[in-house]
Structures are given as C-alpha cells and as structure tokens.
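Asks: Sequence and predicted structure below; questions after.
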Amino acid sequence: APPGAARLRAAAAAAAAPGRARDATIATASANLAGYGYVFSPELIEALRCCDWAEFDAWWHGVVGAVTQAVGDPASFPKPLYPDFPRQVMHATDAELYLNACLHYFGDAVGTRIMPAGTQGGPRAALRAFRATKAIRLGDLAGFDAVAGQLLGSRVAWGTTEVEDVRVVLATRRDLVVRTVAAGPLPNRENRAHLWAVAEAAQDVELADAVAAGFDSATDALRAATVRAGFSPALAPITTTMVYAASERQWSRGWWKRASMVAEESGRIRFGTMPGRVRRALLAVVDRDPHADQALALRPGLWKTLGERLHPGDYARRFPHAYEVFTALRNGRLVAANGAIETALAAGDVPALLAACAHRPGEVVRRLDVILRRGLGPAEHAALLDFLDRRGPNVSTRVLWQAYEHLAARNRLPVRAVLPKGGAAKVQTLPAFEAPIPDPLLAPVLTRLRGAIERAYAERPGLAGERVWVDPALDRIRVPQTMRNVTSGYDVVGRGSRVALASVAERAPETARMFVHWRDLTGDGGTGPAAGGAAGAATQRERLRVDIDLSAVTYDADFERVDAVWYGNLRGRGFAHSGDVTSAPDGAAEFIDVDLARVRGGGARYVAISVIAFTGQALADVPECFAGVQVRTGDPQRGEVFDARSVAAKFAVQSPGRSTVPLLLDLETNELIWVDCQLATRKRAPGLNVLGTELGEAELIRGILAMTGPNVADVVRANVVARGGVLVDRPQEATRVVEHGPDGLTVPMTEILAEWL
C-alpha cells in the first residue's frame, strides 16, 4: 500500500491538485502491469489518486520489483538460441542443428557469440489465451503486522528468505517484534536462534537479551552461537561446498576452465571471537539448564569448540553449573542420554526407554517405528500408550504429525523416503519395511497421536461459530516441515505436493513450457552485463563463464526412462528444446516445450525437469538463476517465447549442488509435483549432463512420490474439530473457505505454519 493510505484517502478532495498522480499516469501504470498478468483493484486506484508524485514513484518502483520477482520480466528476458522457437527447431534438419551448435561452441572458445544464421525471428502472432489476471489490492498496517506476526510465530524453521524478512520487520516494526517476544518464546527453536542473531547483528541488546531469556536448554545456546557464526542452526553435519577458481593464463581465449577447487568450508564450525556480553548470555543459558550435561554429551565436538570461545572458567563463580559441565566435558566424564536410549532399545527395555525420555518425550515419538517393530508385550504396550496419553500433548504438533502420517502409511509404502536434516535438500530412498507392524499394536498408537494433536489444538483460540469448507484438492498439498532448504519464489508448499496445472482462459493446458534464466559470474563475484569501453573490456576479462542446461526426462509408471530432451537431443516425441546456450554475459535462457497429449501418448507418465550447471558451479552461486513453467493452449508458436501472463510457477534455483530437480509433471493427472531437491552426482568435474543422472533421478522420483507428511486439508480439519468449529460440505454454506485458487492458498501458508500446524 502507498505510505499513509488512510491519510491520503482523507485528502481525496485534493487529488487533482498540482503535483498529484493523474489518472493518465495511473492508467499507464496499470496497463504496464497487465503485461505481467496483474491488475489494480478499485480501492488501490482510489488510494493512488491521492498520492503525490514522490509517494507514487516510490510505490511504483517497489511494486514493479515485486511483480518481476514473482513472474519474470518479459522486457529484459533474453532470447533463446533459436528466437523463433519452437518452429525453428522443429523445421531444421539434424545437420543444421548440429552445425549451428558447433559454431556456437566455437564462438565461446574464441570469445565471441556466433548465433545460428537467420535466427533474428520475425513478428509473432499475439497470444490469445493466458492465465486469469491477479488483483493487486490495497494493504494496510494491520495486514502487514498480521503477516509479520505469522512469520514470527511459524512452527517450522525459517530459511534464508524468512530470515531476511525478519530483518525488514525488525527495522520497520521493532515494537511488534518486542511484543511478540514478550508474549513468550517463538514456537520453533531454530527461529529463536535466528532472531537472537538478527538482534545481535543489529546491536539491539535489549531485544537480544529478551530472546535469550526464552532459551530453555543448553542446545538453544549452541544454536544461537552457530547462527551468529554464519552456519545453520540445524546442527547437522557440515558438508564441504566446492567452488571453482580461474587463473589468468586460462583467459587467453575467453574460455573459462577449472583451475582448482577450493573448500568454502573446512567442515568445522568456527565461532569466531565473542564479546563478554555474548559469552555471559550464552553461559547463562547453559547454567540454568538442569540437563545441560546431556546436551553437551550429545555433541561434544561442537561444544568443545564453543567452549574455547566462551571461557567458562572466567565465569566459574557466576555460572558454576556451566563451569561444572564444561569441565566434565573436557575431562571426558559425560555420558549422552542417547546412549541410554539406544541401550534400552537394543535390549527391548521399554520402561527404561520411557524413563530415559522422561524430559524428552519427542524422542519417544520420533522412535515409535523402531519401538513397535521390535515387538511389545501387553504390559510394555500399555506403558507406551500411557506415556503418549500423558506426555503426547507436550510434543510439538509438527513432530506428532510427522509420526502419525508415517505410521499411518508405513505398511503400504513401496519404498521409504528420507530427507536428511541440513541445508541441502537430498531425498534418500530405502527399501520398504520387510514386515508390517501388526494392527493391534499400531492402531492404538495412531489413536493416541491423533488425540495428542487435537488436545494441543483445543488449547488454541476457539473457532466457535466458524463454518469451514475445505477444498478436497488440499488433500494433495503438503505442509512444509521446514523452510530451511525450501526454494523461494514459488507458492510455499511441502515437497511432494500436487497442484493442478493452471487452466488457460478456462481451457485445459495443452503445452507446458519450461524455462531457465541465468547470468555469468564475474571475477569479483559480482554480476551484470559488460559495460562499454575499457571498463567493459575489464569486466569481460573477469567474467566467469556459466553454462546452465535445462533438460527433461520422461519415465513410465514403473520409473523406466522413456525419452530425454537435452542439449544433445533437441527434439523428441512431443518435445522441443530451444537450443544450448553456453554462456550468459548479458543473461541467457533455455526453454523446453512439452506437448502434454503427445508425450502422454508415447507411454510416459512423469516428466522430470532438471537444471544442471555444466561448468561446475554450485547453482546457488549463479547470479539471477531462476526457472519455472508456463502453460499454453492452442498453437505454441503464438505469443512471445516468454510471456509473464502464462507463468504458472517461477522460482529461484538455489541448490547448493550442481544439479537439481525442481518439479515433475504427472501426465496422467495433469499436475505439477513439487520436488525442489538436489540431485546427487558422483562427477565433480565440469561436463555433467542429464545422461549421467539417470539412476539418481529415477530414485529421486520414487522417493518424492513415497514421502509422507501432513497435508493442508488434514491440518485444517483437525483444527476446526478440536477448536469448536463446524466442517461443511459446500462452500456456499461456509463462513470461511480454504482452497487453492488462481492466487494460491486462500489461507496463506504463513498463517497455516503459525496458527494451524
């Protein structure tokens, strides 16, 4: 909303005064945004008429940046290798395609761009049908505060995007952050660490101390110190990220080759120096935790490294318990509680296990599969059920949902899918369980888990009088279990979610057009096109060539490969690739058209879209690297190759690896399946292509389709029932409708993660 919208509305009578934004200006702005698929709401037009020029100009630049970030900018989108795509590719002979590729590769080798002959492309017929426009509505401070409050109240871990949003909220609405912290600790422990580190970086001592006062375990202090050092609060094993460097000798012909691989991280967290105030704040947390010895024993290496910076001996009198446990750690006298848990599990001693987890009930919930599959006698089973009855509501509802969904599906899963904790999203698949858990053991546990969830929800504000209709399509949209490694830019949904391909002018889509965009690196890590003159020559010398490849591979229902379209095969049955662009000094793009009916008719069930850095960089390090999918109907030759109005999904490509699968197409159901997972590759040298990822990609698809977790519909229904609302069968009967419409979820995912999960 423009600044001071309420004040400006009150000044509507002066809208025609000199210096005000006139109707012609507002109409021009609205027409420009229509090219992106957006329209102004009547309330927004009224408020804009009240703006002076400075306010309108600031608002306009902000909204244009947000819109282009959401869908891409047609005006600056680079042309593909074949600008008259897809016709040029489909009509060219194999010999022409091959020779054009050779000339293009040769041009990169000698430092010039050689494009295929006759590829300027003439005027294209206008696009007749595109997705419904989205309205830009007028916001207000209360709406901003609501979204900010939901962000702070999220029950899943923030990612980098959310942390940056928190910085903005702190800079603009510090009082809101202070009130939220004063009301109680943030629900997610990793987010507490992030907020403490953000406050420390802003030198907001009062807020940092208030956040630290909510730390109730020594591990909270470790997470806070880890975030302050620039690492993830997940405390997962740190992986080494490889980056590439170039030497001066290899720039003789403008072709970048790998000179060396440098480890960005050594694999060990370095906490850096800490001022006395920070040391005292962290030691105070350790000192007041009665179970600090167990926390230190669980991660002795990290704690020893942190202890070198905290100097607990200097504060032995002030924090005697902290000094005692650090001394025991240094002398090797600590025994981790996990050892007692594992010993009890190995011995099948359920009473001992429950006793070891008396103050950590979440450990029992996370290990329910192991406990049940080892077999329980009647007395042990009764003790377990009693534990879940008493302690279940004390466990995070996110953990309860994970256990419930896993156990409910585990006996029928074809494979097991695991998403290891950490910054990189990598799905690992394991064989299905050899033996099912007998229903007499499993069913009562599921009942206790569901009961614990509903009892936890019943303590939240009531929904009496609310009549809620839940769209059945939300059964197929997963709630994300973490934002730590979730790609930004797309509707935030959990991995494995299925979203129907958007209709185009009320017609089913016929063509899905995938796209990827990127820009070369520069020697100083910067970005941007080369300037003219001597400065431009220097930028060109420092440029690091980046070659991103877009590929599509089809699989049948048994996950056997059917076809592949990539830079070595630009055409297939129902496929067309726009050509391999091997560098991007001014930006580059590649496209793949998928004729949904023809590809389906060729025996394919799934289309896996992959993005691979051929030149070997980590995708997260590549500037302006984003991808997405457009939906078209009718002749795919109509309209520009990239038209923002037809974009169904656009997202940043920020995988820490060299290869990622952002999404799948299910051709049988015409759905997008959100994957957003890194594809493990054995080959580290440049030259990787989709032919070298066949095994890993098929396993990744199996794993994504087998993943379990709560869906939006189940979470909302459980809340409505537990909190006194009523579920209705038709949207016309509802006071609140929860569905996935053209603008995404009608209940934003931020609200679901904060108030419903």
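Replies: Received, thanks. Not measured: the values here are computed from a predicted model. Numbers count the residues shown, from 1 in each chain.
Asks: Please name the spatially closest residue to residue 409 (chain neighbours excluded).
Replies: residue 708 (5.0 Å; Cβ to Cβ, 6 or more residues apart in numbering). The C-beta positions use only the backbone N, C-alpha and C, and glycine is treated the same way.
Asks: Looking at that neighbour now. What's its pLDDT?
Replies: We have a pLDDT of 84 for residue 708.
Asks: Same check on residue 118?
Replies: Confidence score, pLDDT, at residue 118: 65.
Asks: How about residue 668?
Replies: 91.
Asks: Check the one 3 residues further on too.
Replies: As predicted, residue 671 sits at a pLDDT of 89.
Asks: is it in a bridge, and if so with what?
Replies: With DSSP bridges applied, residue 671 shows beta-bridge pairing to residue 500, residue 666.
Asks: contacting residues around it?
Replies: Going by Cβ atoms under 8 Å, 6 or more residues apart in numbering, residue 671 touches 476, 498-501, 665.
Asks: Only the buried subset of these, as a ChimeraX command please.
Replies: In ChimeraX, this line selects whichever of these come out buried by 16 or more other Cβ atoms under 10 Å:
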select :476,498,499,501,665
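Asks: Take the contacts of residue 671 and lay them out in CSV including pLDDT and distance to residue 436.
Replies: Listed next are the contacts of residue 671 as CSV, based on pLDDT from 0 to 100; distance: Cβ to Cβ, whole Å:
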residue, pLDDT, distance to residue 436
476, 91, 25
498, 89, 26
499, 87, 32
500, 86, 33
501, 82, 36
665, 92, 33
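Asks: ok so, going back, tell me the contacts of the residue nearest to residue 409?
Replies: Applying Cβ under 8 Å, 6+ apart, the residues contacting residue 708 are 402, 405-406, 408-410, 413, 417.
Asks: For it, which three-state class applies?
Replies: At residue 708, secondary structure determined by DSSP: H, G, I helix; E, B strand; the rest coil is coil.
Asks: Start at 58, not 1
Replies: Right, with 58 as the first residue, what we last looked at is residue 765.
Asks: which residues in the stretch 508-657 of the chain form strands?
Replies: Applying DSSP state E, counting those that start in this stretch to the stretch 508-657 of the chain gives strands spanning 524-527, 555-557, 568-575, 578-579, 600-601, 605-612, 618-622, 628-629, 632-634, 645-652.
Asks: what's the distance between the second one and the middle of its chain?
Replies: Between the mean C-alpha location of strand 555-557 and the chain-wide mean there is a distance of 17 Å, by Cα atoms, centre = their mean, to the nearest Å.
Asks: Need the residues that contact it.
Replies: 530, 533-534, 548, 550, 723, 726-731, 797.
Asks: Just the buried ones from those residues, in PyMOL syntax?
Replies: Buried members of the contacts of strand 555-557, defined by 16+ other Cβ under 10 Å, are picked up in PyMOL with:
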select buried, resi 530+533+534+548+550+728+729+730+731+797
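Asks: Let's have the strands of the stretch 508-657 of the chain in JSON lines, adding distance to residue 400.
Replies: Shown next, in JSON lines, are those (distance: least, Cβ to Cβ, whole Å):
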{"stretch": "strand 524-527", "distance to residue 400": "45"}
{"stretch": "strand 555-557", "distance to residue 400": "43"}
{"stretch": "strand 568-575", "distance to residue 400": "51"}
{"stretch": "strand 578-579", "distance to residue 400": "51"}
{"stretch": "strand 600-601", "distance to residue 400": "53"}
{"stretch": "strand 605-612", "distance to residue 400": "44"}
{"stretch": "strand 618-622", "distance to residue 400": "46"}
{"stretch": "strand 628-629", "distance to residue 400": "56"}
{"stretch": "strand 632-634", "distance to residue 400": "56"}
{"stretch": "strand 645-652", "distance to residue 400": "54"}
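Asks: that older thread, need the contacts of strand 555-557 in a markdown table (columns: distance to residue 280).
Replies: As requested, those are exported to a markdown table (distance: Cβ to Cβ, whole Å):
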| residue | distance to residue 280 |
| --- | --- |
| 530 | 37 |
| 533 | 34 |
| 534 | 30 |
| 548 | 29 |
| 550 | 26 |
| 723 | 38 |
| 726 | 41 |
| 727 | 43 |
| 728 | 37 |
| 729 | 34 |
| 730 | 33 |
| 731 | 28 |
| 797 | 34 |
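Asks: Which of the contacts of strand 555-557 sits closest to residue 516?
Replies: residue 534 (25.9 Å; Cβ to Cβ).
Asks: quick one: that closest one and residue 767 touch, right?
Replies: No. In this structure residue 534 lies outside contact range of residue 767 using Cβ atoms under 8 Å: 10.3 Å.
Asks: related to what we said a few turns ago, closest one of the contacts of strand 555-557 to residue 110?
Replies: residue 548 (35.0 Å).
Asks: Low-confidence ranges, the stretch 658-807 of the chain, go.
Replies: Applying pLDDT under 70 to the stretch 658-807 of the chain flags residues 737-744, 749-752, 799-800.
Asks: quick revisit: which of the contacts of residue 765 fall within strands?
Replies: residue 474 (DSSP state E).
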